[in-house]
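Trainee: Got a predicted structure here, sequence first:
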Amino acid sequence: MILTSFTFIIFCIVSLLIYFIIPKKWQWIALLGSSLFFLFYKNFNIGTLVHILVAFGAAYFSAIFIDEYAHQKQAKWFLIEGILFILGQLMLLKYLNLFQNFLMSPIGISYYSLIMISYIVDVYRGLCKPQKNPLKCALFMFYFPILTSGPFIRYPDLENKIYAKHKFNYDNLCRGLIRIVWGLFKILVISQRLAIFVNNIYQNYLTYTGLYLIITCLFFTLQLYTNFSGSIDIIMGISKIMGIDLPENFRSPFFSKTITELWRNWHITLGAWLKDYIFYPLMKSNFIQKIGAKTKKIVNKKVSKKVTLYISLLIMWILIGAWHGIESKFIIGSGILQFIYMFLEDLLSPITKKVCKKLKINYNSLGYRIYQCIRTYLLFSFSMIFFRAASIPNALSIIKNIFIFKKGFLTNIFSLGLNKANFVVLIISVIVLFIVEYRQLKGDVTESLLKQNVVIRWTILYLLIFAVLIFGMYGPGYDETIFIYQQF
């Protein structure tokens with residue numbers, strides 16, 4: 001069920017009406033019913049049902065036994081078995097494509113699998129008690145708003161919200177609707193418009209060179225962001241209407257001065273999950289500690305710490321790439337290249353500061369910060385060539401052709417699916433996007449909007465609604481199945 005589809009809108013309206021009409025003690029049951037309907041919509045067969053029941057059972061019973069044998073050796077074994085079982089079914093179903101003849105890969109399998117792992121690890125760490133009611137436990141793991149694109153949720157943060165009794169709240173409704181409309185604006189007005197241009201170039205990548213490919217690479221980064229963050233806005237808005245606050249997943253990433261900073265502001269909950277459940281345990285593992293001890297004998301303690309840090313980071317980024325897909329293009333684009341960027345940033349940072357000082361460049365000036373943001377965007381866009389290309393050879397061909405320039409660029413650019421009028425709409429929409437993103441750095445834009453007088457508030461909201469209705473891509477060029485992160 002696509003987030004921008006009419007079917008999804010009707011589904012949400014019906015789900016919300018039921019949620020607030022029925023007695024409050026049954027709200028969580030209604031929410032579970034909506035989540036299961038969403039999970040199995042056009043995706044139901046016996047094989048898929050068995051898979052979900054088995055995966056859920058592994059997480060549910062592992063947590064129960066871990067709690068029962070807390071502070072005993074058995075608890076660790078139940079933790080390991082639970083993690084291996086969940087990862088095993090994820091590998092078999094998503095990455096190895098086994099049983100594909102009779103088993104459809106469920107929507108959100110990557111998301112709920114990692115959520116299951118964090119749940120049993122949190123129980124093992126004593127951060128929460130296991131949810132012994134299997135239906136309530138299922139609601140947490142398959143909560144429908146997060147199944148398409150996250151954010152990643154954790155049981156200790158959500159248990160007091162998702163099962164609570166919620167009254168209809170007009171303020172929540174306003175905040176939720178604003179967030180939903182903003183998300184639709186990002187996807188339908190910006191992302192889908194960019195997709196037309198990007199898809200035309202990538203489908204015929206050998207035909208184009210120079211500025212065509214440069215603009216396409218820059219466009220795809222923006223397409224990916226507006227598509228992904230727009231879907232998160234819709235999800236956050238729906239959840240907000242129900243009174244359930246979810247963790248933020250983006251924080252104006254294109255105003256980041258480094259790749260490291262960008263990744264602190266992009267897919268925030270995935271980064272936090274990987275740090276807490278992969279990176280920090282890896283740093284404390286015997287494997288890394290032994291490497292640290294051996295390198296300490298050869299070099300000094302400071303260098304030894306850097307070595308263990310870089311090894312752990314490399315492993316984590318390879319896993320991030322693999323999470324997006326087992327293909328080598330994801331491992332490189334979303335993984336190894338990001339590690340290389342961060343490694344070089346850390347290594348060259350002292351040198352950069354010395355150069356700036358010697359050349360009397362104000363490291364904290366507005367001009368230098370703008371340069372850093374542009375540089376970060378360009379580097380990230382370069383890595384996304386591998387993410388978007390069909391294969392590594394395709395990506396390398398595109399990179400090679402970027403440096404070949406031919407005449408006739410401006411005369412041909414409007415023949416790639418976007419005419420002059422669409423380009424004007426796109427440019428104005430992107431300017432609006434960046435103004436809002438910049439304003440978001442100073443505080444919640446929704447909060448600021450709600451504090452305005454009634455005339456200004458509703459004028460802005462109606463303008464946004466009309467922009468979505470009038471300029472949203474619903475015609476022949478619009479394909480509602482193009483939702484980038486739902487495949488993960």
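Mentor: Looks like it came in fine. Numbering: from 1, shown residues only.
Trainee: buried stuff in the helix or strand containing Ala467?
Mentor: If you go by DSSP states H and E, Ala467 is part of helix 454-471. When burial is assessed from 16 or more other CB atoms under 10 Å, helix 454-471 yields the following buried residues: 457, 461, 464, 467-468, 471. (Glycine included, C-beta is placed from N, CA and C.)
Trainee: what do you get for stretch 1-9?
Mentor: 1-4, 8.
Trainee: want to try CSV for the buried residues of helix 454-471, with pLDDT and distance to Thr376 as columns?
Mentor: Rendered in CSV, the data for the buried residues of helix 454-471 read as follows (pLDDT from 0 to 100; distance: CB to CB, whole Å):
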residue, pLDDT, distance to Thr376
Arg457, 83, 34
Leu461, 86, 32
Leu464, 90, 28
Ala467, 91, 28
Val468, 92, 29
Phe471, 90, 29
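Trainee: ok, these vs Asn43, which is closest?
Mentor: Using CB to CB, the shortest approach to Asn43 within the buried residues of helix 454-471 belongs to Val468, at 27.9 Å.
Trainee: so what's that closest one up against?
Mentor: 181, 184-185, 188-189 (CB atoms under 8 Å, 6 or more residues apart in numbering).
Trainee: Next, work out how far apart it and Thr4 are.
Mentor: 10 Å (CB to CB, to the nearest Å).
Trainee: what touches both of the two?
Mentor: Listed as contacting both Val468 and Thr4 by CB under 8 Å, 6+ apart are 184, 188.
Trainee: Check the gap between Gly243 and Val454 for me.
Mentor: Counting by CB to CB, the gap from Gly243 to Val454 is 24 Å.
Trainee: again but with Val123, I slipped
Mentor: Plainly put, Val123 is 48 Å away from Val454 if you go by CB to CB.
Trainee: repeat for Pro151
Mentor: Computed with CB to CB, the distance linking Pro151 and Val454 is 32 Å.
Trainee: And Leu282, by the same measure?
Mentor: With CB to CB as the criterion, Leu282 and Val454 are 53 Å apart.
Trainee: so where is the stretch 301-450 of the chain shaky, pLDDT-wise?
Mentor: Under the criterion of pLDDT under 70, the regions of the stretch 301-450 of the chain flagged as low confidence span 407-411.
Trainee: Spell out, range by range, the strands that occur in the stretch 1-150 of the chain.
Mentor: Counting by DSSP state E, counting those that start in this stretch, the stretch 1-150 of the chain has no strands to list.
Trainee: Flag the shaky bits of it, pLDDT-wise.
Mentor: Within the stretch 1-150 of the chain, the segments meeting pLDDT under 70 span 95-104.
Trainee: now the helices: where do they sit in it?
Mentor: Taking DSSP state H, counting those that start in this stretch as the test, the helices found in the stretch 1-150 of the chain are 6-21, 27-40, 46-68, 73-90, 109-124, 134-141.
Trainee: So for Phe403, which of those helices sits nearest?
Mentor: Across those, Phe403 has its closest neighbour in helix 109-124 (36.0 Å, CB to CB).
Trainee: What's the local residue count around Ile431?
Mentor: Using other CB atoms under 10 Å, Ile431 is surrounded by 10 other residues.
Trainee: and what of Asp171?
Mentor: Per other CB under 10 Å, the neighbour tally for Asp171 reads 9.
Trainee: neighbouring contacts of the one helix or strand it maps to?
Mentor: When elements are defined using DSSP H and E, Asp171 is found to belong to helix 170-184. Identification of contacts with helix 170-184 by CB under 8 Å, 6+ apart yields 3-4, 229-243, 436, 446, 449-450, 461, 464-465, 468, 472.
Trainee: angle of it against helix 6-21?
Mentor: When axes from the mean of the first three to the mean of the last three CA atoms, to 10 degrees is applied, the directions of helix 170-184 and helix 6-21 differ by 170 degrees.
Trainee: Tabulate the CA atom coordinates of helix 170-184 in PDB.
Mentor: As requested, C-alpha coordinates have been extracted for helix 170-184 and formatted as PDB (Å, rounded to 0.1, in the frame of the first residue of the first chain):
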ATOM      1  CA  TYR A 170      -7.700  19.000  17.900                       C
ATOM      2  CA  ASP A 171      -4.100  20.300  18.400                       C
ATOM      3  CA  ASN A 172      -2.700  16.800  17.500                       C
ATOM      4  CA  LEU A 173      -5.000  16.800  14.400                       C
ATOM      5  CA  CYS A 174      -3.700  20.200  13.200                       C
ATOM      6  CA  ARG A 175       0.000  19.200  13.800                       C
ATOM      7  CA  GLY A 176      -0.500  15.900  12.100                       C
ATOM      8  CA  LEU A 177      -2.300  17.300   9.000                       C
ATOM      9  CA  ILE A 178       0.400  20.000   8.600                       C
ATOM     10  CA  ARG A 179       3.100  17.300   8.600                       C
ATOM     11  CA  ILE A 180       1.100  15.000   6.200                       C
ATOM     12  CA  VAL A 181       0.500  17.800   3.700                       C
ATOM     13  CA  TRP A 182       4.200  18.900   3.900                       C
ATOM     14  CA  GLY A 183       5.200  15.200   3.200                       C
ATOM     15  CA  LEU A 184       2.800  15.000   0.200                       C
END
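Trainee: Extract the C-alpha trace of the helix or strand just after it and format it as PDB.
Mentor: Past helix 170-184, heading to the C-terminal end, the next element that is a helix or strand (DSSP H and E) is helix 192-203. Below are the C-alpha coordinates for helix 192-203, written out as PDB (Å, rounded to 0.1, in the frame of the first residue of the first chain):
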ATOM      1  CA  GLN A 192       8.100  12.800  -8.500                       C
ATOM      2  CA  ARG A 193       9.000  15.700 -10.800                       C
ATOM      3  CA  LEU A 194      12.700  15.000 -10.200                       C
ATOM      4  CA  ALA A 195      12.100  11.300 -10.800                       C
ATOM      5  CA  ILE A 196      10.900  12.000 -14.400                       C
ATOM      6  CA  PHE A 197      14.200  13.700 -15.300                       C
ATOM      7  CA  VAL A 198      16.400  11.300 -13.300                       C
ATOM      8  CA  ASN A 199      14.800   8.100 -14.700                       C
ATOM      9  CA  ASN A 200      15.100   9.400 -18.300                       C
ATOM     10  CA  ILE A 201      18.800   9.900 -17.900                       C
ATOM     11  CA  TYR A 202      19.600   6.700 -16.000                       C
ATOM     12  CA  GLN A 203      17.600   4.600 -18.400                       C
END
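Trainee: Break this structure down into its domains, please.
Mentor: Under the assignment named as automatic domain parsing, the residue ranges that make up the domains of the chain are 6-162, 170-246+402-487, 255-361.
Trainee: can you give me the offset of the shortest one from its chain's centre?
Mentor: Put plainly, it is domain 255-361. In this view, domain 255-361 has its centroid 19 Å away from the chain centroid, taken as CA atoms, centre = their mean, to the nearest Å.
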